[in-house]
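Student: only the shape, not the letters, is given here:
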């Protein structure tokens, strides 16, 4: 495994460089769909993942998810940043810059706007 | 982080499966062979979401089995260094505590816990408690942590984390 991989620098190595990141809410939707089609053979890993994404993303509906994605694309955020912002309830500017250092390439105003937009979207 | 990735796998089929149900059989075999697996490269394979391509089968002349290269999309989960994740505490001990992100276990050692939090073995369940009594960490507490590193073990991935930095630690209810 390459040692240069570092989420704070948006470096995910060759295999995950172009991979699509999914927020907990997105995974929750996909897994619930999948579970309804499966009759048997639900394994332990699937169960644990479903429980986790429901706990941390189960409250966002498909409309909210879509809007968060659109917002991310408009701001040209990295996939990883979009999913992280969707997953983590982030209160203010300093918190955002500390937890997701890659956001520092944006101005403070731009980050604050994004956080406000996200808060509004999540409340709907 | 969860990812949607394109993967491929060689699936071997017994000649009795050759017939109109071949694709269905391949799909089932793929699911049972890869779902729930964990590799160092891609992490946990949670589920197959779609099959994008099934290659032409090649018959092995000695066994008669056919091998098909199946390309598929799957949801996988693995963590990266410096990633911030919310996790659920599973076990608290005096040398640190364990938390899980779905199938992945993360260990936060005493060195990764703020020094003002002390281990309280007498409470039930055992917990870490802050000097000012404002924060506790016990089983089922939701904590926000930072991944320091991940290692591959025989039965899966295992990560090391810390909560000894700003904005990390137990998640307050009002933040949710």
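Tutor: Arrived safely, thanks for sending. Bear in mind that the values here come from a model prediction, so they are computed numbers and not experimental data. Numbers count the residues shown, from 1 in each chain, chains lettered A, B, ... in the order given.
Student: only C-alpha atoms from now on, for both contacts and neighbour counts.
Tutor: Noted.
Student: the biggest helix by length in chain A vs chain B: in contact?
Tutor: Looking across chain A with DSSP state H, the single longest helix is helix A:108-123. No - shown here: helix A:108-123 not in contact with chain B (CA under 8 Å from any CA of the partner chain), separated by at least 10.7 Å.
Student: now do the SS call for residue A:85.
Tutor: helix (DSSP: H, G, I helix; E, B strand; the rest coil).
Student: quick check, pLDDT for it.
Tutor: Per-residue pLDDT puts residue A:85 at 95.
Student: can you pull the residues of chain B lying near chain A?
Tutor: Close to chain A, as judged by CA under 8 Å from any CA, chain B has residues B:1-5, B:32, B:35-36, B:40-42, B:44, B:46-47, B:49, B:75, B:80-86, B:101-103, B:166-167, B:175-176.
Student: among those, which are in helices?
Tutor: Among the residues of chain B next to chain A, the members falling in helices (DSSP H) are residue B:32.
Student: please, a ChimeraX command that selects the buried ones among the residues of chain B next to chain A?
Tutor: Remark: buried members of these, expressed as a ChimeraX selection using 16 or more other CA atoms under 10 Å in any protein chain shown:
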select /B:1,2,3,4,5,32,35,36,42,44,46,47,49,75,80,81,82,83,84,85,86,101,102,103,167
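Student: on that earlier part again, list the buried residues in the longest helix of chain A.
Tutor: A:111-112, A:114-115, A:118, A:121-122.
Student: can you list those in TSV and add distance to residue B:118?
Tutor: Compiled in TSV, these are given as follows (distance: CA to CA, whole Å):
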residue	distance to residue B:118
A:111	36
A:112	36
A:114	37
A:115	34
A:118	36
A:121	39
A:122	35
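Student: all strands of chain A, in order?
Tutor: A:20-22 (DSSP state E).
Student: centroid-nearest residue for it?
Tutor: The geometric centre of chain A, computed from its C-alpha atoms, lies nearest to residue A:83 (CA atoms, centre = their mean), at 1.6 Å.
Student: nearest spatial neighbour of that residue, skipping sequence neighbours?
Tutor: Closest residue to residue A:83 apart from its sequence neighbours, by CA to CA, 6 or more residues apart in numbering or on different chains: residue A:23 at 4.5 Å.
Student: burial count for the one you found?
Tutor: Counted with other CA atoms under 10 Å in any protein chain shown, residues neighbouring residue A:23 total 26.
Student: residue contacts, the residue lying closest to residue B:143 once chain neighbours are set aside?
Tutor: Of all residues not flanking residue B:143 in the chain, residue B:170 sits nearest, at 4.1 Å (CA to CA, 6+ apart). By CA atoms under 8 Å, 6 or more residues apart in numbering or on different chains, the residues touching residue B:170 are B:135-137, B:141-144.
Student: then residue A:96?
Tutor: A:90, A:103, A:111.
Student: could those go into CSV alongside pLDDT and distance to residue B:19?
Tutor: Shown next, in CSV, are the contacts of residue A:96 (pLDDT from 0 to 100; distance: CA to CA, whole Å):
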residue, pLDDT, distance to residue B:19
A:90, 91, 54
A:103, 96, 54
A:111, 96, 57
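Student: which one of these is nearest residue B:156?
Tutor: Proximity of these to residue B:156 (CA to CA) peaks at residue A:90, which lies at 30.4 Å.
Student: how near is that closest one to chain B?
Tutor: Here the criterion is CA to the nearest CA, to the nearest Å. By it, residue A:90 lies 8 Å from chain B.
Student: low-confidence ranges in chain A?
Tutor: A:1-3, A:39, A:41, A:124 (pLDDT under 70).
Student: contact residues of it facing chain B?
Tutor: A:1, A:5-8, A:12, A:15, A:19-24, A:27, A:31, A:34, A:41, A:43-46, A:48-53, A:56, A:84, A:88-89, A:91, A:95, A:98-100.
Student: so what pLDDT did the most centrally placed residue in chain B get?
Tutor: The residue lying closest to the centre of chain B (CA atoms, centre = their mean) is residue B:104, at 3.6 Å. Residue B:104 is assigned a pLDDT of 96 by the prediction.
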